[in-house]
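S.K.: Structure, please.
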Amino acid sequence: MKMRHQTAARPLSVWILIVLLFFLGVGGIVSGALLFSAPNGSLIGMPVDYLKGSPFSNFLIPGIILFLFVGVYQIFVGYSLLRRPTWHWPDKMNPCKSYHWVWAASWAAGVILLVWIIVETVLLGYISLLQPIIAVWGVILILLTLLPSVCRYYKRNS
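M.R.: The predicted structure follows:
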C-alpha cells in the first residue's frame, strides 16, 4: 500500500515528535547503560536505598528495561517515523491497519513512557522532578501522535 505522505511535506508536528523521541531515546540509553553498568546506582547518584520495598535489590533489571524500552525503542520509533521503512513484520502487530505501523508504534512509545514513570513512582515514590516531566513527555508523545496532521501523514491510501 502506498502512503499519502510520499508527496506531502512532513508536518512540523511530525518533526517535533521525531525530535522528542530521539532525545528521550538517547537519555534512556545513557541512563539505562549507567544503571546496568553500576547496579548500585553510583554512576548516576541514585542510592540502592531508593529500591527499598520494590522487587529489585539493585538497578540491573530497571537499567536494562530503561535501556531497551525508554531508550532503544524510542530511537527505533523516531527513526521509523523519519524513514517510514516498508518492513512487513511490524505491520503484523499494527492494530490500526489504515495507518503505517509506525503511527501505532509512536502512540505506544508514549504509553510505554507513561507506564514506566507510573510504575517507578508507585514503587519508589516521588524522588525527582524528572518524574512529572517524564509523565508530561509521555502525554505529549501520545497527543502529538493523535494530532490530525500526524494521522493524515501516516494514513495509508485506500
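
S.K.: Show me where the protein has its strands.
M.R.: With DSSP state E as the definition, the chain shows no strands.

S.K.: Now do the helices in it.
M.R.: Ranges of helices within the chain are 12-37, 60-65, 73-83, 101-124, 130-146, 148-154, based on DSSP state H.

S.K.: Make a markdown table from the ones you listed and add distance to K92 and mean pLDDT to it.
M.R.: The way it works is simple: take the backbone N, C-alpha and C, and place the C-beta from them, glycine included. Output for the helices of the chain, formatted as a markdown table (distance: least, CB to CB, whole Å; pLDDT from 0 to 100):
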| stretch | distance to K92 | mean pLDDT |
| --- | --- | --- |
| helix 12-37 | 22 | 97 |
| helix 60-65 | 24 | 96 |
| helix 73-83 | 15 | 97 |
| helix 101-124 | 9 | 96 |
| helix 130-146 | 20 | 97 |
| helix 148-154 | 17 | 96 |
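
S.K.: Compare those and report which one is nearest to G45.
M.R.: helix 12-37 (9.9 Å; CB to CB).

S.K.: Tell me the helices and strands packed up against that closest one.
M.R.: On a contact count with 3 or more CB pairs under 8 Å, 6 or more residues apart in numbering; DSSP states H and E, helix 12-37 meets helix 60-65, helix 73-83, helix 101-124, helix 130-146, helix 148-154.

S.K.: Which one, of the ones you listed, ends up nearest to L24?
M.R.: L24 lies closest to helix 73-83 among these, at 4.8 Å (CB to CB).

S.K.: Give the other helices and strands that the closest one contacts.
M.R.: Counting by 3+ CB pairs under 8 Å, 6+ apart, helix 73-83 packs on helix 12-37, helix 101-124.
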